[in-house]
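>>> Using only what follows, build the 3D model:
(one chain, ligands or ions: 2)
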Amino acid sequence: MVMPLNIALQFSRSVLNIQPLGNGLINDTYLVTTDVKPFVLQRINKQVFPQPEQIMANLLVLTQHIEQANDKQTTLKIPQLLKTETNNNFFCDGQDNYWRALSFIDNTESLETIGNLAQAQQVGFALGQFHRLTHSLDSAKLYDTLPGFHITPGYLDHYQQAKNQSKIPEDAYCADFIAHYQYIVHDLELAKEQGLLSLRVIHGDPKLNNFLFDKTSKRIVSIIDLDTVKPGLIHYDIGDCIRSCCHTTATDEFNLETCRILLSSYLKEMGSFFSEYDYQFLYPAIRLIPFELGIRFYTDYLEANRYFKVTEPEQNLRRATGQFLLCASVMVQETGINHLINQLQATKPSVTQ
Ligand code: GN1
Ligand code: MG
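Ligands and ions are numbered 1, 2, ... in the order given. This next block holds a predicted model:
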C-alpha cells in the first residue's frame, strides 16, 4: 500500500511516519506522526460523499456549537479540523480526491466488541451526551451530507433494482428474510412524516468503534467519524449504536443485558428530552437498523461490492447474514426489550432546565 506522504506534507512539514488507522469501510484513514503532534489524515470517499466540503462545514458548525455551549458537565471531546499549511480546511489532490486532517486524541483506543458492562454504560453515556449537547443546535444549520442515508425504504427500493439486474445468484436466507420482514421498513419514516418524531442533529454512525476510550481511565473521552453528522432521527443513532454493541458475533444473538445498561445510561443523559413517542419508537428502531444494514450489505454483495470495502467477494453476504440473524434475535426478544423500555420510561428523569 502506498502511503500518502505528499498529502500529509500539505498539513505538516515535519512528517515522520504514516500508517493505516482503524477499519472504516468507506474512507481511507491514516495516522501521521510528526515531530510535534500526531494527526489523523483521511481521504474522503467521493463516490459516497459527493460534496466533501459540506462535511468540513458541518464539522465546523458542530465544533463551534460545542465550544459555545461550554457545558461544564461534558467530558466528551470531538476531533478538531486541522488546516493545511496554506490555511485551507482540506486539500484536493490532482485526482479530485478530498483530504482532511483531524487532531488525534492521545492515549485512547477503540473497541470492536463490548467486553464488559462498564463499557456499555460508557457508550450509552457518551451517545446521550452527544445528543444532549447537540439538542440545542438547530439541525437546519447542517448540510445533509449524504441524502437518503438511513431512509430504509430507499435501501429496499435499491435492493429490488439490484436483484433484478444482478448476475450474482440470490442467497435464499437473505432474500427470504427481506421478503418476509420488509413491512418494517417504513416504521421510522412514517413516524417522521406524521410528525411523531422530529429531525434533530444525528451522528449518523455511532457504532462501537467510533467511541474512543481513554486507555488509563477506561472512560470514553471522544466520539469520532463525524462525516454523517446531519439532520435526522436520533432513533437511527440509537438503533445503530445498539446493533453494534449488543451483537454477540459468535452466535449472532442480541444481548439484552448489554442493551439494558447502554439504554439506561443513555436515558440518564437524554431521557428528560424524550417524548412519549420517542420511547414508543425505541423498539422499532432497535429492530430496524440491523435489518437496514443487512439490506445495505446484501445489496452491495449483489452489486459486486461497490460501496463497502471487502477483502473477499462473499464478505458482504456474510455481513448481511449476521445482521439479519441479529434482527431475528431482536424480534425473538421483543417482549423483554419492550419491558425494559417501559421500565426506563417509568423512571424517566425530570425535565432539566
Ligand atoms: C460504514 O466506514 P464506516 O465503517 O465508518 C457506513 C455505516 C455502516 C458501517 C458498517 C457512510 O461506516 O453506515 O453502519 O460502515 N457508513 C456509511 O460497518 O455508509
Ligand atoms: Mg463511518
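
>>> who in the stretch 151-300 of the chain is up against ligand 2?
205, 225 (CB under 5 Å from the ion). C-beta coordinates here come from the backbone N, C-alpha and C atoms, glycine included.

>>> Would you mind giving the domain segments of this protein?
Here the domain parsing of the chain from automatic domain parsing is 4-103, 117-346.

>>> Would the shortest one count as contacting ligand 1?
Yes - Domain 4-103 lies within reach of ligand 1 by CB under 6 Å from any ligand atom, at 24-26, 48.

>>> who are the neighbours in contact with the nearest residue to Ile295 once chain neighbours are set aside?
In this structure, Ile295 finds its nearest non-sequential neighbour in Tyr155, 4.8 Å apart by CB to CB, 6 or more residues apart in numbering. Listed by CB atoms under 8 Å, 6 or more residues apart in numbering, the contact set of Tyr155 reads 185, 292, 295-296, 299.

>>> let's see 10 Å
Counting by CB atoms under 10 Å, 6 or more residues apart in numbering, Tyr155 touches 148-149, 185, 291-296, 298-299.

>>> Arg243 now?
207-208, 254, 259, 285-294, 323, 326-327, 330.

>>> sorry, back to before: for the residue nearest to Ile295, I want the exact helix or strand it lies within.
helix 152-165 (DSSP states H and E).

>>> how about that helix: buried residues?
152-153, 155-156, 158-159, 162-163 (16 or more other CB atoms under 10 Å).

>>> Surely Tyr298 touches Arg319?
Yes - with contact defined as CB atoms under 10 Å, Tyr298 counts as touching Arg319 (8.5 Å).

>>> Spatially, which residue comes closest to Met56, not counting chain neighbours?
Asn89 (4.5 Å).

>>> hang on, the earlier thing: list only buried entries from the contacts of Arg243.
207-208, 254, 259, 285-294, 323, 326-327, 330.

>>> Select from those residues every entry located in strands.
If you go by DSSP state E, these have Phe254 in strands.

>>> Those residues of the chain touching ligand 1, which are they?
24-26, 48, 205, 207, 225, 228, 293.

>>> Can you go through the residues you listed and name the buried ones?
Judged by 16+ other CB under 10 Å, buried ones among the residues of the chain next to ligand 1: 24, 26, 48, 205, 207, 225, 228, 293.

>>> now those residues in a markdown table, with secondary structure and pLDDT?
What follows is those, written out as a markdown table (DSSP: H, G, I helix; E, B strand; the rest coil; pLDDT from 0 to 100):
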| residue | secondary structure | pLDDT |
| --- | --- | --- |
| Gly24 | coil | 90 |
| Ile26 | coil | 93 |
| Val48 | coil | 93 |
| Asp205 | coil | 97 |
| Lys207 | coil | 98 |
| Asp225 | coil | 93 |
| Thr228 | helix | 96 |
| Leu293 | helix | 98 |
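
>>> Buried residues, stretch 300-312. List them.
Quick answer for stretch 300-312 (16+ other CB under 10 Å): 300-303, 305, 307-308, 310.

>>> which phi and psi does the most centrally placed residue in the chain have?
In the chain, the centroid-proximal residue (CA atoms, centre = their mean) is Asp205; its distance is 0.8 Å. Taking degrees, to the nearest 10, you get phi -150, psi 50 for the backbone angles of Asp205.

>>> swap in the one 5 residues further on?
For Asn210, the backbone dihedrals are phi -100, psi 10 (criterion: degrees, to the nearest 10).

>>> So which residues of this structure form helices?
5-11, 52-69, 117-134, 152-165, 172-181, 187-193, 234-245, 256-270, 276-280, 282-302, 315-332, 334-346 (DSSP state H).

>>> Single out the most deeply packed of the ones you listed.
The densest packing among the helices of the chain, expressed as mean neighbour count by mean count of other CB atoms under 10 Å, is seen in helix 234-245 with a mean of 26.

>>> mind checking how far that one is from the chain centre?
Counting by CA atoms, centre = their mean, to the nearest Å, helix 234-245 is centred 8 Å from the centre of its parent chain.

>>> That helix to helix 256-270, inter-axis angle?
Angle of helix 234-245 versus helix 256-270, following axes from the mean of the first three to the mean of the last three CA atoms, to 10 degrees, is 140 degrees.

>>> Would you mind giving the orientation angle of helix 234-245 with respect to helix 152-165?
Going by the same axes, to 10 degrees, helix 234-245 makes 60 degrees with helix 152-165.

>>> Out of the domains of the chain, the one nearest Leu111 is which?
Among the domains of the chain, domain 117-346 comes nearest to Leu111, with 5.7 Å by CB to CB.

>>> show me the contacts for Gln280.
191, 196-197, 274, 338, 341, 345.

>>> quick one: pLDDT of Lys72?
Per-residue pLDDT puts Lys72 at 77.

>>> One more: the one 3 residues further on?
Here, the pLDDT recorded for Thr75 equals 81.

>>> Skipping adjacent residues, who's closest to it in space?
In space, Thr75 is closest to Val221, 6.6 Å off (CB to CB, 6+ apart).

>>> how close does the one you found get to Leu212?
Note on Val221: its distance to Leu212, by CB to CB, to the nearest Å, is 6 Å.

>>> Among the two, which residue is more densely surrounded?
Leu212 (24 against 19; other CB atoms under 10 Å).

>>> quick one: low-confidence parts of the stretch 51-200 of the chain?
Within the stretch 51-200 of the chain, not a single segment meets pLDDT under 70.

>>> in it, what residue is nearest ligand 1?
Residue nearest to ligand 1 within the stretch 51-200 of the chain (CB to the nearest ligand atom): Leu146, separated by 6.0 Å.

>>> The closest residue to that residue other than its chain neighbours: what's it in contact with?
Leaving aside its sequence neighbours, Leu146 sits nearest to Thr228 (CB to CB, 6+ apart; 5.9 Å). By CB under 10 Å, 6+ apart, the contact list for Thr228 reads 26, 48-49, 55, 58, 144-146, 149-150, 202-206, 236-237, 240.

>>> No more questions from me, cheers.
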